[in-house]
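[1] Predicted coordinates and the sequence they were generated for:
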Amino acid sequence: MAEVHDPLLIGGERLASRLILGSGGFDHLDALARALAESGADLVTVAVRRVDSAPEGLHRTIADAGARVLPNTAGCHTAREAVATARLAREALGTDWIKLEVIGDRHTLLPDAVELVDAAETLVGEGFTVLPYTTDDPVLARRLEDAGCAAVMPLGSPIGSGLGIRNPHAILLLREAVEVPVVLDAGIGTASDAALAMELGCDAVLAATAVSRAREPARMARALALAVRAGRDAFLAGRAPRLHHARASTSDEGLPELAGPR
Amino acid sequence: MTVRLNGRERDLPAGATVEDAVRLLGVARREPGVAAAVDGDVVPRQAWARTRLREGATVEVVRAAAGG
């Protein structure tokens, strides 16, 4: 593989793109394919559903784009359901990577922390590479890291809400609390949200609704890819400090006296 | 016998296998990316043809869907 600049190191893999695309919200495979191409994403999440409700071809569309599938346990509310779904996903898609979602509330789609940790421990024990969707609580993130998760994926705001990062300070605190990759997942609405996530020190961003429900999904996918790269470079560059007062960017030395005699 | 296949009660001949149930749902023989579980336990693809279903079994056959 050609040398990749600033690769994302996650789950033992090196990925060129720090934007992960969710397939949720795409009605047609060709719309997903176009958005995927513009996004440059190496990883695309998919759900696992009964064949009667899931037309064939999604897996192949993703593979044709040169990306990998990341199955998730969307729709699961208990550890038991999530573990069973993960095992099915592994069998169907031939990967032991799993985005672990265990939802505790149907309105907010916030995770059930207790079930989430339980499921994570079980799945890590079965050899899965677990990427848990979690809250912005650093204590919970550390528990998930201690359980052996390959990353933590805190939400910026509720899934599909497009409200961006509601509590940037919490994301900063979470970033400081763990050493595994941090993937901002849920609530990304537009490019600036993605750039902010990366400026806060996140290693990657996952977006689904921001792309699939944009008026022009492929264009938004491109915007997000650029934003993730911009935010990452800004983070690596080390920003100028925020100051309470002004600090002139031009020195007074050599300032000519041009006011003339009074 | 009656089994619950993807949420619906279906009649299958006695001795029907997981393979038979998967075929009944219209999944092509060589189609990749499909998995099946019986009563919550994954049945690996290579075991579909030799895993017989019992009366009242719950069978789920899944593939990747847009989501997440």
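    Great, that's in hand.

[2] Could you report the neighbour count for residue 66?
    Chain wasn't specified; assuming chain A. 11 (other CB atoms under 10 Å in any protein chain shown). For every residue, glycine as well, the C-beta is placed using N, CA and C.

[3] other chain: chain B
    As a measure of burial, residue B:66 has 23 neighbours, counting by other CB under 10 Å.

[4] these two touch, right, it and residue A:21?
    No - Residue B:66 is not in contact with residue A:21 according to CB atoms under 8 Å; the separation is 11.2 Å.

[5] So in chain B, which strand runs the longest?
    Longest strand in chain B, counting residues (DSSP state E): strand B:58-65.

[6] Alpha carbons of that strand, as PDB, please.
    Extracted C-alpha coordinates of strand B:58-65, given in PDB (Å, rounded to 0.1, in the frame of the first residue of the first chain):
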ATOM      1  CA  THR B  58     -37.800 -19.200  15.200                       C
ATOM      2  CA  VAL B  59     -35.700 -18.600  12.100                       C
ATOM      3  CA  GLU B  60     -34.200 -15.300  11.100                       C
ATOM      4  CA  VAL B  61     -32.500 -14.700   7.800                       C
ATOM      5  CA  VAL B  62     -30.700 -11.400   7.400                       C
ATOM      6  CA  ARG B  63     -28.400  -9.400   5.200                       C
ATOM      7  CA  ALA B  64     -26.800  -5.900   5.200                       C
ATOM      8  CA  ALA B  65     -29.300  -3.000   5.000                       C
END
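
[7] Could you look up the SS state of the closest residue to residue B:32 other than its chain neighbours?
    Nearest non-adjacent residue to residue B:32, counting by CB to CB, 6 or more residues apart in numbering or on different chains: residue A:59, 7.3 Å away. At residue A:59, secondary structure determined by DSSP: H, G, I helix; E, B strand; the rest coil is helix.

[8] Next, the buried residues of stretch A:147-162.
    Residues of stretch A:147-162 classed as buried: A:147, A:149-162 (neighbour count, 16 or more other CB atoms under 10 Å in any protein chain shown).

[9] and which of those residues is nearest chain B?
    Using CB to the nearest CB, residue A:159 comes nearest to chain B of these, at 9.4 Å.

[10] hang on, that closest one packs against residue A:109?
    Yes - counting by CB under 8 Å, residue A:109 is a contact partner of residue A:159 at 4.5 Å.

[11] Give me the common contacts of the two.
    Counting by CB atoms under 8 Å, 6 or more residues apart in numbering or on different chains, the residues touching both residue A:159 and residue A:109 are residue A:186.

[12] per-residue confidence at residue 2?
    All of this refers to chain A. At residue A:2, the predicted lDDT confidence score is 53.

[13] To clarify, I was referring to chain B.
    pLDDT, residue B:2: 97.

[14] what's across from it in the sheet?
    residue B:11 (DSSP bridges).

[15] any idea how far residue B:43 is from it?
    Distance, residue B:2 to residue B:43, by CB to CB, to the nearest Å: 19 Å.

[16] which residue ranges form the helices in chain A?
    Counting by DSSP state H, one finds helices in chain A at the ranges A:29-39, A:58-64, A:79-93, A:113-125, A:138-146, A:168-177, A:191-199, A:209-212, A:217-237.

[17] Great, nothing more from me.
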